[in-house]
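Colleague: Mind looking at a prediction? Sequence and model below.
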Amino acid sequence: MPTSGHRLAMYNFGLHVAVDTAPEVQGFMRREPLNFAAAERAEGFAGRSGYRGVPGPRSWGPQIFPRFIKGSGFDSAPSSLSMWHDIESLMAFAYAGVHAEALKNARNWNQKGDWPPLVLWWLDAGQRADWQQGADKLEWLHDHGPGPEAFTFKQAYDPDGEPYSIDRQRVKALVAANAPGQADLLVQVNAMPV
């Protein structure tokens, strides 16, 4: 569903099993820049927030975390905020190639939470998501379940708030289109220890 008047925002959040410098999460830390590079090469990618004090894209406001970080012992957590042209583009990136390899191994690095791992929502094409909005949307999804305000791939909505069936054939076509641009990154990831 290409949407010229809207952009899909995505926020994800998790808690590692240890601090970022611990050996237990180095597989994640080594893969993170390759995942960002794969996203930037993916069809339908519209942009992502960087992190204050870290080289790369500018941060889309102060980084805020949802309430699920409280009591964890962490003051920061792995999270990302990005925008996409449509649901199929994000799905093709998330569940194939470099990012799919990271998802396969995520249980080694991340705690199992009782919150949703990600949230999706629509914005007008001229708007940009920010960290506060992402944290708020994830909490809303947790508290109320999927709806037009905040949803998941499993229960998606279109920009008009109507239930949406993801075009799986288009996802497959986008996966195929993305593969050549990720080939060098995938070689690097497949050679990395978990």
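Modeller: Okay, I see it.
Colleague: residues near residue 44, how many?
Modeller: Using other CB atoms under 10 Å, residue 44 has 22 neighbouring residues. C-beta: built from backbone N, CA, C; applies to glycine.
Colleague: Quickly note the distance from the residue nearest to residue 124 when sequence neighbours are not counted to residue 114.
Modeller: The spatially closest residue to residue 124, leaving aside those adjacent along the chain, is residue 6, at 6.2 Å (CB to CB, 6 or more residues apart in numbering). From residue 6 over to residue 114 the distance is 30 Å, taken as CB to CB, to the nearest Å.
Colleague: Which one of these two is surrounded by more residues?
Modeller: Under the criterion of other CB under 10 Å, the comparison of residue 6 against residue 114 puts residue 6 first, with 18 against 6.
Colleague: residues contacting residue 72?
Modeller: residue 15 (CB atoms under 8 Å, 6 or more residues apart in numbering).
Colleague: buried residues in the lengthiest helix in the chain?
Modeller: In the chain, ranked by residue count with DSSP state H as the criterion, the top helix is helix 168-190. Within helix 168-190, the residues that count as buried by 16 or more other CB atoms under 10 Å are 170-171, 174-175, 178, 182, 185-186, 189.
Colleague: export these to CSV and tack on pLDDT?
Modeller: Conversion of the buried residues of helix 168-190 to CSV gives the following (pLDDT from 0 to 100):
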residue, pLDDT
170, 98
171, 98
174, 98
175, 98
178, 98
182, 97
185, 98
186, 97
189, 97
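Colleague: What is the most widely separated pair among those?
Modeller: 170 and 189 (24.9 Å; CB to CB).
Colleague: tell me the pLDDT at the nearest residue to residue 140 once chain neighbours are set aside?
Modeller: Spatial nearest neighbour of residue 140, chain neighbours left out: residue 150 (4.8 Å); criterion: CB to CB, 6+ apart. pLDDT, residue 150: 98.
Colleague: now residue 4
Modeller: On pLDDT, residue 4 comes in at 73.
Colleague: Test my guess that it contacts residue 125.
Modeller: Yes. In this structure, residue 4 is within contact of residue 125 by CB atoms under 8 Å, at 6.8 Å.
Colleague: More neighbours: those two, which one.
Modeller: Just comparing residue 4 and residue 125: by other CB under 10 Å the higher neighbour count belongs to residue 125, 14 against 8.
Colleague: residues contacting that one?
Modeller: Neighbouring residues of residue 125 by CB under 8 Å, 6+ apart: 4-7.
Colleague: Would you format those as a markdown table with distance to residue 106 and secondary structure included?
Modeller: Below are the contacts of residue 125 laid out as a markdown table (distance: CB to CB, whole Å; DSSP: H, G, I helix; E, B strand; the rest coil):
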| residue | distance to residue 106 | secondary structure |
| --- | --- | --- |
| 4 | 33 | coil |
| 5 | 34 | coil |
| 6 | 29 | strand |
| 7 | 26 | strand |
